[in-house]
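1. only geometry, no sequence info:
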């Protein structure tokens, strides 16, 4: 059953900030967090854009009661939610800023509905986190790495959050950012974390890349434990109309660790 627009906005805790009448930017967050992960970036952009933020179902201020592990056990449902938010707000000509697994969602959405998007900005993206020996693709994690990561999360959510936060945020960044990342992980319902982790680390959108017609900026961090530089190079080679930019920032969350540098990249790309 198709939801009414107001239901979609409530379901996904949609929030709109920025300049009235300005070009629209839709921000898509990644695994284990919510739209507040963009809180440091938004002030650099809200004079230039009308910014739409939302939470994936199961995260942040979304309707957690609507979360169904079976429905949200694949990337497809997240992509549908993204598109439903756009339709509920009658968006068009949108710039999508998408982080981590959010970039996979944006890529899949761009294939489904290229008419909605003007461009994509993919922050610390990866089309697949798993190494693929058969093709020589280096995603950054072996199948054993992912098995251990998922088993650790299943075993002890809080201990996993404490161990994983500095890996995600990057050791070179301030401890307060690690603490914020850990708090984000701990706030998410464990059943959501377990399912969303499998979607994140086991999804693969490499086969979709040649079908993307939307221009894309690939924003890579200089030292990212989850998305090595080889991933950015791969995306740039396989995404039509792509541009690769490597930041001086380290870690996997540049919108939090280097919001000024990330904002400059977005503003320069959209202005061009």
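-> On my side now, so go ahead. This is a predicted model, so every value here is computed, not measured. Numbering: from 1, shown residues only.

2. where in the stretch 1-150 of the chain is pLDDT low?
-> Scanning the stretch 1-150 of the chain with the threshold set as pLDDT under 70 gives 1-3.

3. Which stretches in it count as helices?
-> All helices of the stretch 1-150 of the chain, identified by DSSP state H, counting those that start in this stretch, fall at 5-11, 42-45, 75-88, 101-112, 143-155.

4. What are the contacting residues of the longest one?
-> It stands for helix 75-88. With contacts defined as Cβ atoms under 8 Å, 6 or more residues apart in numbering, helix 75-88 is touched by 3, 5-6, 8-9, 11-12, 14, 26, 28, 52, 54, 56-57, 71-72, 91, 94, 101, 104-106, 108-109, 112-113, 116, 199, 203, 205. C-betas here are computed from N, CA, C, even on glycine.

5. List the buried residues for that helix?
-> 75, 77-79, 81-86, 88 (16 or more other Cβ atoms under 10 Å).

6. closest to residue 255 among these?
-> Nearest to residue 255 out of the buried residues of helix 75-88 is residue 82 (Cβ to Cβ; 17.6 Å).

7. how close does the closest one sit to residue 116?
-> Using Cβ to Cβ, to the nearest Å, residue 82 is found at 9 Å from residue 116.

8. Quick check: neighbours shared by those two?
-> Counting by Cβ under 8 Å, 6+ apart, the residues touching both residue 82 and residue 116 are residue 109.

9. and residue 269, what does it touch?
-> Neighbours of residue 269 in contact, by Cβ under 8 Å, 6+ apart: 119, 121, 217, 243, 245.

10. between those, which is nearest residue 232?
-> When the contacts of residue 269 are compared against residue 232 (criterion: Cβ to Cβ), the nearest one is residue 245, at 8.6 Å.

11. Local confidence estimate at that closest one?
-> You'll see residue 245 listed with a pLDDT of 98.

12. that older thread, save the helices of the stretch 1-150 of the chain as CSV, and put in distance to residue 179 too.
-> CSV is the format used below for the helices of the stretch 1-150 of the chain (distance: least, Cβ to Cβ, whole Å):
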stretch, distance to residue 179
helix 5-11, 30
helix 42-45, 21
helix 75-88, 27
helix 101-112, 22
helix 143-155, 19
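
13. what's the closest of those helices to residue 262?
-> helix 42-45 (8.0 Å).

14. what comes up buried for that closest one?
-> Buried, per 16+ other Cβ under 10 Å, within helix 42-45: 42, 44-45.

15. a markdown table please, covering these and showing distance to residue 127.
-> Below are these laid out as a markdown table (distance: Cβ to Cβ, whole Å):
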| residue | distance to residue 127 |
| --- | --- |
| 42 | 27 |
| 44 | 27 |
| 45 | 26 |
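
16. Tell me the one of those nearest residue 165?
-> Nearest member of the buried residues of helix 42-45 to residue 165, counting by Cβ to Cβ, is residue 42, at 21.9 Å.

17. from what I can see that closest one touches residue 49, true?
-> No - applying Cβ atoms under 8 Å, one finds residue 42 not in contact with residue 49, separated by 9.3 Å.

18. Find the residues that touch each one of those two.
-> In contact with both residue 42 and residue 49: residue 18, using Cβ under 8 Å, 6+ apart.
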